[in-house]
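Trainee: Okay, here's the prediction I keep looking at, along with the sequence it came from:
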Number of protein chains: 2
Amino acid sequence: MEVPYDFELVKIVREISLSKAGKVLLQMPDGLKPYAQTLTVEIESRTGVEVYVSAGSCYGGCDLALTEAEKLKVDLLIHFGHTAFLAQPSKPKVIYVEAKCRLGIGGAVKAALPLLASHRRVGLAASLQHVHKLGGAKKILEAEEKQVEVGNPEGQGVAYPGQILGCNVSAAEALSGKVEAYLHVGGGIFHALGIYLATGKPVVVADPYTGRALEVSEAGEKAKRRLKASLLRLGESSRVGVILGVKPGQFNPQLALKVTRRLRELGKKPLLLSLNEVDELKLENFPEVEAFVSTACPRLGLDDAEKFSRPLVPASKFLETFGG
Amino acid sequence: MEVPYDFELVKIVREISLSKAGKVLLQMPDGLKPYAQTLTVEIESRTGVEVYVSAGSCYGGCDLALTEAEKLKVDLLIHFGHTAFLAQPSKPKVIYVEAKCRLGIGGAVKAALPLLASHRRVGLAASLQHVHKLGGAKKILEAEEKQVEVGNPEGQGVAYPGQILGCNVSAAEALSGKVEAYLHVGGGIFHALGIYLATGKPVVVADPYTGRALEVSEAGEKAKRRLKASLLRLGESSRVGVILGVKPGQFNPQLALKVTRRLRELGKKPLLLSLNEVDELKLENFPEVEAFVSTACPRLGLDDAEKFSRPLVPASKFLETFGG
């Protein structure tokens, strides 16, 4: 199987040898799981270590498989595709493999040029898999006489200039005063939508997997309208579920209790729901609840309202709108 | 809201008071979750305790929300709808509430009589919610001149004569030499199918929720044919995923390693996948795998093959067929 990612096998083999690991757990986002078996065979044949693969969800560095690692008593958790988000736990040792994408981005960036035609000052951003290629993107834009900016990120889970996460677009926000539009290099529109919602400026996606480009303003405006409607309907609801995510980097009981208190002050009846993976099917089991506030992943309810049959809003937007 | 289950509020209030709990976590199977908010309001108003509800999956007493309880630092985990399956953990204290169903079963049992017409000796079984009504079912059958037997269960997670679980139909198996057919009192066909697959005798379901009855031989034979086909296709597969369930009462790494060794002896390439909730969507992320052996819930792959696009068989059936 041809693998378009650099899984850094040399580093992995070295880390396994250094830590004298007998058992390791591999964890990766869904997009990388198709390569899990190929990777496992490589690691097993080079090191003789016993390899387990986490088949559960993995939405980011916040979503570290610590419970599984503990249960399986592995010596090493090898987490692919994300920058470190949480402090190194006391056990097991966690190593992060960036899984840089080898695909060229030139075609996608060139496809983005017409969509950036009316903007001279452009901010660049990328998800971790493609951030090492932003230099190439910069050159292509500069050849078109653009003034290109790459921002430095702040906060959790980001390590490189221009790198953004679903929940951290600080590298883009840092440029807000200097640029007219953004170019985001990465698959899908999830990351680009995050930039749009945070900055309100046009964001063009250059997608290395399809070689295509698109602009996200329309999707972003739709998300904003839906969020506004959800907040309105939440205001009219009496019984409100407060979702407390239990993934390691999402767990925030203080925020859940703050939201709960505010809901009570507003005369509503809160119900505290703890949940690992939030989806419509799980919420359907609570038909009494009229609306939800989520304290889990901050993107939940921000731009995916269409996935839920009842209003679901992020805690930050609830508190912004209803105080507390 | 009218609640057809006895949630034993008096017992719950007493236990909360006795253990001086400040925080409790309620956990219940999906069928009981619709009553979670009503229940929470009752518990909060009677005790002043802080109530969290686990919104994750809950498939049995094997599926105890210990990780969540630990994370939330609750004093008490109140688990509804199942008999104790695991030893009392050191922390938190776990109490079980049976959630007996208040619905009458007479109509459903009478509807079952025509389906039992050709059998004189009948074994009775029920899931926990209805097991307290087996006396009534016995009377109805005896009035029709049936010889009725109720078996004693053995093993984990069962406490009452006639009580069966998805993974423990010992109360029915104990009668195998004495009866011609079984009557199972409970919702759906899941439990009844378990009896059929273990005993091969006709099983009639009396469903208190619908008031109807049906016989499961056809569904059981279909499941057996599908399992046989899955085992055949597994035999022809090279890359095989071994599913290791991480739910507290399903976690069995020894079995997973035994299956893995046997697969290697057979010249196949195993991939150890750890997973909390096994579903097709999660398995789709591993397109390289041709077939799966599950060491999680022993019912997984036994009668639900149609839920999976590739062969998935329980570890017991794999070992029966392929040795090891």
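Mentor: Great, that's in hand. Residues are numbered from 1 along each chain as shown, chains lettered A, B, ... in the order given.

Trainee: Just to be sure, A:K138 is in a helix?
Mentor: Yes. Under DSSP: H, G, I helix; E, B strand; the rest coil, A:K138 sits within a helix.

Trainee: Leaving out chain neighbours, which residue sits closest to it?
Mentor: In this structure, A:K138 finds its nearest non-sequential neighbour in A:V148, 4.8 Å apart by C-beta to C-beta, 6 or more residues apart in numbering or on different chains. Backbone N, C-alpha and C define where each C-beta goes, glycine included.

Trainee: Need the residues that contact the host helix or strand of the one you found.
Mentor: Using DSSP states H and E, A:V148 sits within strand A:147-150. Contacts with strand A:147-150, where a contact means C-beta atoms under 8 Å, 6 or more residues apart in numbering or on different chains, come from A:120-124, A:134, A:138, A:141-142, A:161-162, A:171, A:175, A:178-179.

Trainee: centre of the chain versus it, how much separation?
Mentor: Offset of strand A:147-150 from its chain centre (C-alpha atoms, centre = their mean, to the nearest Å): 23 Å.

Trainee: Check which element follows it along the chain.
Mentor: Per DSSP H and E, the first helix or strand lying C-terminal to strand A:147-150 is helix A:170-173.

Trainee: Show me where chain A has its helices.
Mentor: Under the criterion DSSP state H, chain A contains helices at A:9-18, A:36-47, A:66-72, A:106-112, A:134-143, A:170-173, A:190-199, A:217-236, A:253-265, A:280-283, A:315-322.

Trainee: Just put the ones you listed in a markdown table and tack on mean neighbour count.
Mentor: Formatted as a markdown table, those follow (neighbours: other C-beta atoms under 10 Å in any protein chain shown):
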| stretch | mean neighbour count |
| --- | --- |
| helix A:9-18 | 15 |
| helix A:36-47 | 18 |
| helix A:66-72 | 21 |
| helix A:106-112 | 20 |
| helix A:134-143 | 16 |
| helix A:170-173 | 23 |
| helix A:190-199 | 23 |
| helix A:217-236 | 16 |
| helix A:253-265 | 18 |
| helix A:280-283 | 15 |
| helix A:315-322 | 18 |
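
Trainee: so can I have JSON lines of these showing mean pLDDT?
Mentor: Converted to JSON lines, the helices of chain A look like this (pLDDT from 0 to 100):
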{"stretch": "helix A:9-18", "mean pLDDT": "97"}
{"stretch": "helix A:36-47", "mean pLDDT": "96"}
{"stretch": "helix A:66-72", "mean pLDDT": "96"}
{"stretch": "helix A:106-112", "mean pLDDT": "98"}
{"stretch": "helix A:134-143", "mean pLDDT": "98"}
{"stretch": "helix A:170-173", "mean pLDDT": "98"}
{"stretch": "helix A:190-199", "mean pLDDT": "98"}
{"stretch": "helix A:217-236", "mean pLDDT": "98"}
{"stretch": "helix A:253-265", "mean pLDDT": "98"}
{"stretch": "helix A:280-283", "mean pLDDT": "97"}
{"stretch": "helix A:315-322", "mean pLDDT": "98"}
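
Trainee: Tell me the residues on the stretch 151-300 of chain A that lie near chain B, please.
Mentor: Applying C-beta under 8 Å from any C-beta of the partner chain, we find that the stretch 151-300 of chain A lies next to chain B at A:239, A:243-244, A:246, A:251, A:253, A:269, A:271-277, A:282-283, A:285-289.

Trainee: Now, those that are in strands?
Mentor: Using DSSP state E, A:R239, A:I243, A:L244, A:K269, A:L271, A:L272, A:L273, A:S274, A:L275 are the members of those that sit in strands.

Trainee: any idea how far A:T295 is from the last one?
Mentor: For A:L275, the distance to A:T295 equals 10 Å [C-beta to C-beta, to the nearest Å].

Trainee: about what we covered before: can you pick out the most distant pair from the ones in strands among the residues of the stretch 151-300 of chain A next to chain B?
Mentor: A:K269 and A:L275 (18.6 Å; C-beta to C-beta).

Trainee: so who does the closest residue to A:Y5 other than its chain neighbours touch?
Mentor: Leaving aside its sequence neighbours, A:Y5 sits nearest to A:A99 (C-beta to C-beta, 6+ apart; 4.5 Å). By C-beta under 8 Å, 6+ apart, the contact set of A:A99 is A:Y5, A:D6, A:F7, A:E8, A:M28, A:L32, A:F80, A:G81, A:L128, A:Q129.

Trainee: can I assume A:P253 is in contact with A:G245?
Mentor: No. Assessed by C-beta atoms under 8 Å, A:P253 is found out of contact with A:G245, at 10.2 Å.

Trainee: Report the contact partners of the closest residue to A:R264 other than its chain neighbours.
Mentor: Nearest non-adjacent residue to A:R264, counting by C-beta to C-beta, 6+ apart: A:P270, 6.4 Å away. A:P270 makes contact with A:V240, A:G241, A:V242, A:V259, A:T260, A:L263, A:R264, according to C-beta under 8 Å, 6+ apart.

Trainee: The spatially most central residue of chain A and A:A159, how far apart?
Mentor: When C-alpha atoms, centre = their mean is applied to chain A, the residue found nearest the centroid is A:G166 (3.5 Å). According to C-beta to C-beta, A:G166 stands 16 Å off from A:A159.

Trainee: likewise A:P248?
Mentor: Going from A:P248 to A:A159 by C-beta to C-beta gives 19 Å.

Trainee: How about A:A223?
Mentor: Applying C-beta to C-beta to A:A223 and A:A159 gives a distance of 28 Å.

Trainee: ok, A:P248 and A:A159, which is more surrounded?
Mentor: A:P248 (17 against 12; other C-beta atoms under 10 Å in any protein chain shown).

Trainee: from the stretch 51-200 of chain A, which residue is nearest to chain B?
Mentor: In the stretch 51-200 of chain A, the residue that lies nearest chain B is A:A55 (4.1 Å; C-beta to the nearest C-beta).

Trainee: Who are the contact partners of that residue?
Mentor: Contact partners of A:A55, counting by C-beta under 8 Å, 6+ apart, are A:K33, B:I243, B:L273, B:S274, B:L275, B:K282, B:L283, B:N285, B:F286.

Trainee: CSV for those residues, including distance to A:P202?
Mentor: Output for the contacts of A:A55, formatted as CSV (distance: C-beta to C-beta, whole Å):
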residue, distance to A:P202
A:K33, 33
B:I243, 46
B:L273, 42
B:S274, 43
B:L275, 41
B:K282, 37
B:L283, 39
B:N285, 34
B:F286, 38
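
Trainee: Can you flag the buried ones in these?
Mentor: For those, a burial check counting by 16 or more other C-beta atoms under 10 Å in any protein chain shown picks out A:K33, B:I243, B:L273, B:S274, B:L275, B:K282, B:L283, B:N285, B:F286.

Trainee: Specify which member of these is nearest to A:G301.
Mentor: B:K282 (23.0 Å).

Trainee: Excluding chain neighbours, give the residue nearest to the closest one in space.
Mentor: Leaving aside its sequence neighbours, B:K282 sits nearest to A:A55 (C-beta to C-beta, 6+ apart; 5.4 Å).

Trainee: now A:E8
Mentor: Distances taken as C-beta to C-beta, 6+ apart put A:V97 closest to A:E8, at 5.1 Å, once the chain neighbours are dropped.

Trainee: now swap in A:A21 and tell me
Mentor: Counting by C-beta to C-beta, 6+ apart, A:D75 is the residue found nearest to A:A21 once chain neighbours are left out, at 3.8 Å.
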